[in-house]
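[1] just coords:
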DNA sequence: TAGTGGTCTAGACCACTCC
DNA sequence: GAGTGGTCTAGACCACTAC
């Protein structure tokens, strides 16, 4: 036929742009360097700004760029590895880690958390009861990487002094201290993609809806779920690591 | 002053839309139900289609919607939990799991993988040597959830029959079988957000660039990294679970 | 062929940061 | 106030699916 198959699989422009810019980042830019602004980049590549932004969004999602309103677009450093290995066998707050308790409130958990805390309903009405909600922040290298809400049923911290006498960070630390008194029998964990709620986004210095890795942990004690942690990690800057298990063995 | 603070924190329209639609999904729709098309939804909410799409994108990212070109937007079922617990202490392919080997090629790994396989360079030139690249697919409930590339240095499978005599799936299974002969000393694992490469996207029935959870696993044997697995899981439909560790103990 | 979601455009205005 | 990224609009056309 003599005809060559032209553009039989037309690659979207933003996809091609992403590739081109990605290669340029490797070869022509240093970490921290500021890219030309979006309007100029769009003009330079001959596309609309929205199309260019689609490419930049992908690169940011992959942790290669960092964009800040009013400032500009910079080349991101490699993602930091954050250890979330499930084998620490410790209550949250116990031992040396990078978490900091910032507050504690009392609230009824969202439905998804309630399903994990299924033991804590009012036996008479079946209605969910409020629990302690401890708020913590995790920082690495001076940068906030995760915000957590730890849901602790009142029954898990029976020795807590009358909550009215403590507040804020002090109450949060009190709840964590009491939790450590329980024998920890195990934990299981799940990781999924989510988008940052407004309050988490603010603490993580991101816009609402920013992509986050949601790590849900169930702490087991006495055959019950004694606490549930929902931690949201910045997906752009973090790589969750599950440490070397060479020093583990399966019981039995 | 008598003035009320109006819109002091003006919520973006797409964010508000996402909330409204999300609530409607909970109360008015069943899993699998088809939503009105984008043009109609946009008109109904009085916004441009692009704005509506921004809201739908977020909901899809959270696994609440599923959009298919030419078909429509449907309410997604809850995410499926996929076990990726790092404690199986087994080589890939060993035992009963849901992976299926589909192919095997010889190639030089990308730079990021080379850094983990740092022992496999040509001692004379320092250049990277090609390795076996086994391609596998993982399915759950009849649906493809992950595509993997397993990088196996030739040195890790010395007993493999001359590669020329096998090809495709048979070669892939041969490499996996040989790998099982090595003593597995440990593995470490990392999870991060990525976007699907074109080939992975195709196998996962997604568009290129779709958000995926990238699970990188290093298999250790004889003090070396004997293999590296890079598995991409569909972020929209999967929740990665790290099973109950109640039956684990730390070796001193 | 009709209808869907996916891509792309060329503009506008807003919120934020920094000087 | 100047410059940045973030939001939003109102269109257009394309690729795909199903009938």
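    Nice, thanks for sending it over. This one's a predicted model, so the numbers in the text were calculated from it and none came from an experiment. Residues are numbered from 1 along each chain as shown, chains lettered A, B, ... in the order given.
[2] so where's the stretch 1-150 of chain A uncertain?
    In the predicted model, the stretch 1-150 of chain A carries pLDDT under 70 at residues A:1-9, A:86-90, A:92-97, A:118-124, A:126.
[3] again, 80 this time
    Counting by pLDDT under 80, the stretch 1-150 of chain A contains low-confidence ranges at A:1-10, A:85-97, A:118-128, A:142.
[4] what do you get for the stretch 151-252 of chain A?
    Per-residue confidence for the stretch 151-252 of chain A (pLDDT under 80) gives these ranges: A:159-168, A:243-252.
[5] Swap in 70 and give it another go.
    The model of the stretch 151-252 of chain A has pLDDT under 70 over residues A:160-166, A:243-252.
[6] hey, where'd the helices end up in it?
    Assigned by DSSP state H, counting those that start in this stretch, the stretch 151-252 of chain A shows helices spanning A:168-179, A:198-203.
[7] May I see the buried residues of the first one?
    When neighbours are counted by 16 or more other Cβ atoms under 10 Å in any protein chain shown, the buried residues of helix A:168-179 are found to be A:169, A:171, A:172, A:173, A:174, A:175, A:176, A:178, A:179. C-beta: built from backbone N, CA, C; applies to glycine.
[8] ok, now stretch A:12-29?
    Applying a neighbour-count criterion of 16+ other Cβ under 10 Å, one finds A:13, A:14, A:15, A:17, A:18, A:21, A:25, A:29 buried in stretch A:12-29.
[9] out of these, which are inside helices?
    With helices defined by DSSP state H, the entries of the buried residues of stretch A:12-29 inside them are A:13, A:14, A:15, A:17, A:18, A:21, A:25.
[10] Quick one: residues contacting the closest residue in space to residue A:219 that isn't next to it in sequence.
    In space, residue A:219 comes closest to residue A:227 once its chain neighbours are excluded; the distance is 4.4 Å by Cβ to Cβ, 6 or more residues apart in numbering or on different chains. Contacts for residue A:227 were tallied using Cβ atoms under 8 Å, 6 or more residues apart in numbering or on different chains; they are A:91, A:92, A:150, A:151, A:152, A:153, A:156, A:179, A:218, A:219.
[11] and residue A:80, how far is that from residue A:205?
    If you measure residue A:80 against residue A:205 using Cβ to Cβ, to the nearest Å, the figure is 15 Å.
[12] Have a look at those two and say which one is more surrounded.
    Between residue A:80 and residue A:205, residue A:80 has the larger neighbour count (other Cβ atoms under 10 Å in any protein chain shown), namely 15 against 11.
[13] wait, what's in contact with that one?
    Contact criterion Cβ under 8 Å, 6+ apart gives A:140, A:141, A:143, A:145, A:237, A:238, A:239 as the residues in contact with residue A:80.
[14] Quick check: bridge partners of it?
    Note on residue A:80: beta-bridge partners by DSSP bridges are residue A:238.
[15] Surely residue A:83 is in contact with residue A:233?
    No - because the distance of 11.5 Å does not satisfy Cβ atoms under 8 Å, residue A:83 is recorded as not touching residue A:233.
[16] between those two, which one's more packed in?
    With neighbours defined as other Cβ under 10 Å, residue A:83 and residue A:233 compare such that residue A:233 has more, 28 against 13.
[17] List the contacts of the more buried one.
    With contacts defined as Cβ under 8 Å, 6+ apart, residue A:233 is in contact with A:82, A:84, A:145, A:146, A:212, A:213, A:214, A:215, A:240.
[18] Number of residues surrounding residue A:197?
    When neighbours are counted by other Cβ under 10 Å, residue A:197 registers 14.
[19] Please name the nearest non-neighbouring residue to it.
    In space, and not counting its chain neighbours, residue A:197 is closest to residue A:208: 7.1 Å by Cβ to Cβ, 6+ apart.
[20] Now do the contacts for that neighbour.
    Contacts for residue A:208 were tallied using Cβ under 8 Å, 6+ apart; they are A:195, A:196, A:197, A:198, A:201, B:12, B:15.
[21] Distance of it relative to residue B:117?
    Distance from residue A:208 to residue B:117, by Cβ to Cβ: 40 Å.
[22] Over to residue A:151?
    41 Å.
[23] All the strands of chain A, in order from the start?
    Applying DSSP state E to chain A gives strands spanning A:65-68, A:72-75, A:80-83, A:99-107, A:131-140, A:143-152, A:186-195, A:211-221, A:224-234, A:238-242, A:248-250.
[24] For residue A:236, list the residues it contacts.
    Contacts were defined as Cβ under 8 Å, 6+ apart; by that measure residue A:236 touches A:60, A:61, A:63, A:66, A:76, A:79, A:206, A:210, A:211, B:193.
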